[in-house]
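K.L.:
Make a model of this:
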Amino acid sequence: MTYREKVKTSFEMLTPGLKKVGEALMANPILFATKPARQIAETLGVGETMIVRFSKAVGFTGFGELQKDVQRALIAGPSSQEVRESSFSGVIKSDIHNLRRAADDLDTEAAMKIVETVSDAESVQVVGYYQSFPFAHWFTFLLNTIRENVSLFRPETEIGITKNGPSHCVLIFSYYRYALGTIRLAEEARANGNQVVVITDSSLSPVVPLADQVLVLPGAERSALEKGPVTFSVINALLLHIAERSGKLDFINPGNQYFIQ
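P.N.:
Residues are numbered from 1 along each chain as shown. Presented below is the predicted three-dimensional model:
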């Protein structure tokens, strides 16, 4: 069984203190995937032994085994057994659940600050490595229909962040496992005095301390497959607000570029 299945199976038998740890694990698995037991305990306001006790109570030999299982789940997504047992409609319903959570919990104030920064910047360079690249590509493609001086960072041909000053914005998508190249570019942008905007799946992302503005996506802290619908939906919302602020809503889908008008 996966860690989620083990927690669900054991949850009702746990003490209130252990339930608190279980709820935190289900809500923010990245915390358990990236931090040692001591730091998790400090974050939750419990003793370190409580983290170890919880790990054993739900069926692991210790915290190390639990952490490895969480890390595997975040990388691999649903197990083959889960896929076999889930219908197509079940997967879609799960995505809808994550989207509803994002709609309810998204930090709209942070999102609107990003809209303002991206709209007003002299240039925008969008960064995304590996699984984050499709999000960066889609955002860049549509943002280019709204405003000028937008580019997608291409690690295979570009040497780094070269523009200087706060009038230039570097917008970074950074998801677990947090590519080292992304962190390096954030450091470069910070050193250049650029506006660094980060869209990520956790406030614990190592790129967060380098950012001027951060948008953590609720519902995007689980597997790679589950990040997609939430991320694209939030991207669409950001782009529509940028287009509205720029007076260019019609530019999002220009009819004169298509066979069907």
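K.L.:
Low-confidence bits of the stretch 101-250 of the chain, can you list those?
P.N.:
Applying pLDDT under 70 to the stretch 101-250 of the chain flags the ranges 219-224.
K.L.:
Next, please give the residue ranges for the strands of it.
P.N.:
Applying DSSP state E, counting those that start in this stretch to the stretch 101-250 of the chain gives strands spanning 123-128, 150-152, 168-174, 195-200, 213-216.
K.L.:
The first one pairs with which strands?
P.N.:
In the sheet, strand 123-128 lines up against strand 150-152 (parallel), strand 168-174 (parallel) (DSSP bridges).
K.L.:
backbone phi and psi for the spatially most central residue of the chain, please?
P.N.:
Centroid-nearest residue in the chain: D201, 2.4 Å away (criterion: CA atoms, centre = their mean). Main-chain torsions, D201, degrees, to the nearest 10: phi -100, psi 0.
K.L.:
thinking it is in contact with K227, fair?
P.N.:
Yes: counting by CB atoms under 8 Å, D201 touches K227, with 6.3 Å between them. All C-beta spots, glycine's among them, are computed from the backbone N, C-alpha and C.
K.L.:
Quick one: closest of the strands of the stretch 101-250 of the chain to S10.
P.N.:
strand 213-216 (28.5 Å; CB to CB).
K.L.:
Have a look at this structure and report its longest helix.
P.N.:
Across the chain, the longest stretch assigned as helix under DSSP state H is helix 224-246.
K.L.:
Go through that helix and flag the buried ones.
P.N.:
Neighbour-count burial for helix 224-246 flags 224, 226-231, 233-235, 237-239, 241-243, 245 (criterion: 16 or more other CB atoms under 10 Å).
K.L.:
counting contacts, what elements does that helix pack onto?
P.N.:
Secondary-structure packing of helix 224-246 (3 or more CB pairs under 8 Å, 6 or more residues apart in numbering; DSSP states H and E): helix 88-105, helix 108-120, helix 133-143.
K.L.:
Looking at those, which is nearest to V216?
P.N.:
Comparing the helices and strands packed on helix 224-246 by CB to CB, helix 108-120 comes nearest, at 8.1 Å.
K.L.:
Packing partners of that closest one?
P.N.:
strand 168-174, strand 195-200, strand 213-216, helix 224-246.
K.L.:
Just the residues contacting the longest helix of the chain, thanks.
P.N.:
Contact with helix 224-246 is made by 74-75, 77-78, 94-95, 98-99, 102, 106, 111-112, 114-116, 118-119, 131, 134-135, 138-139, 142-143, 146-147, 173, 175, 199, 201, 215, 217-220, 249, 251-252, as judged by CB atoms under 8 Å, 6 or more residues apart in numbering.
K.L.:
Contact partners for the nearest residue to P134 once chain neighbours are set aside?
P.N.:
In space, P134 comes closest to G128 once its chain neighbours are excluded; the distance is 7.5 Å by CB to CB, 6 or more residues apart in numbering. Each residue near G128 by CB under 8 Å, 6+ apart is listed here: 134-137, 153, 172-174, 182.
K.L.:
Pipe those residues into TSV and attach neighbour count per row.
P.N.:
Listed next are the contacts of G128 as TSV, based on neighbours: other CB atoms under 10 Å:
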residue	neighbour count
P134	14
F135	20
A136	22
H137	14
F153	22
I172	27
F173	29
S174	27
T182	27
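K.L.:
Many thanks, have a good one.
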